[in-house]
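**Q** pasting the sequence and the predicted model now:
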Amino acid sequence: MSVYVINEIVVTDPERFQTYADQVPAILRQYGGEYVIRGGSPARVDGLQPPDKLVVLRFESREAALAWRNGPEYLAILPIREATSTSRVYIVDGYAGG
């Protein structure tokens, strides 16, 4: 079953944040991840105003998602994201359906 990593981002330093964003795709591919949504312009329909950016990643398993998130390549650039944005990140299991 696919697993999704959802990242709600408010960028505080766009120029420096871009140095992080430019490096993520190659690292993501190493761990079998792919973008479902990258950036976008979320529009509020109900509830609170959405963040500036929304990123959704898909992985084949929770283990693969955690390997990416905890891998040395990603951990090396994570301080850039943390210094240039605020975010809320979570992993969600996909729908197995029926």
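**A** Structure's in. What do you need?
**Q** all strands of this protein, in order?
**A** Along the chain, the stretches classed as strands by DSSP state E are 3-11, 34-39, 53-59, 85-93.
**Q** among those strands, which is the most enclosed?
**A** strand 53-59 (a mean of 19; mean count of other Cβ atoms under 10 Å). Any C-beta I mention is one placed from the backbone N, CA and C, and that applies to glycine too.
**Q** mind listing the strands that one pairs with, and their directions?
**A** Strand pairing for strand 53-59, determined by DSSP bridges: strand 3-11 (antiparallel), strand 34-39 (antiparallel).
**Q** can I get those strands in a markdown table including mean pLDDT and distance to residue 75?
**A** Putting the strands paired with strand 53-59 into a markdown table (pLDDT from 0 to 100; distance: least, Cβ to Cβ, whole Å) gives the following:
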| stretch | mean pLDDT | distance to residue 75 |
| --- | --- | --- |
| strand 3-11 | 95 | 15 |
| strand 34-39 | 93 | 20 |
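**Q** out of those strands, flag the one nearest residue 79.
**A** Closest to residue 79 of those is strand 3-11 (Cβ to Cβ; 15.1 Å).
**Q** which residues are in contact with that closest one?
**A** If you take Cβ atoms under 8 Å, 6 or more residues apart in numbering as the criterion, strand 3-11 is touched by 17, 33, 36, 50-62, 64-65, 68-69, 84-94.
**Q** thinking again about what came up before, can you tell which of the strands paired with strand 53-59 is closest to residue 73?
**A** Residue 73 sits nearest to strand 3-11 of all the strands paired with strand 53-59, at 15.3 Å, using Cβ to Cβ.
**Q** kindly reformat the strands of the chain as TSV containing distance to residue 45.
**A** Listed next are those as TSV, based on distance: least, Cβ to Cβ, whole Å:
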stretch	distance to residue 45
strand 3-11	15
strand 34-39	16
strand 53-59	13
strand 85-93	19
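**Q** just to revisit the earlier point, for residue 23, which of the strands paired with strand 53-59 is the nearest?
**A** Closest to residue 23 of the strands paired with strand 53-59 is strand 34-39 (Cβ to Cβ; 13.5 Å).
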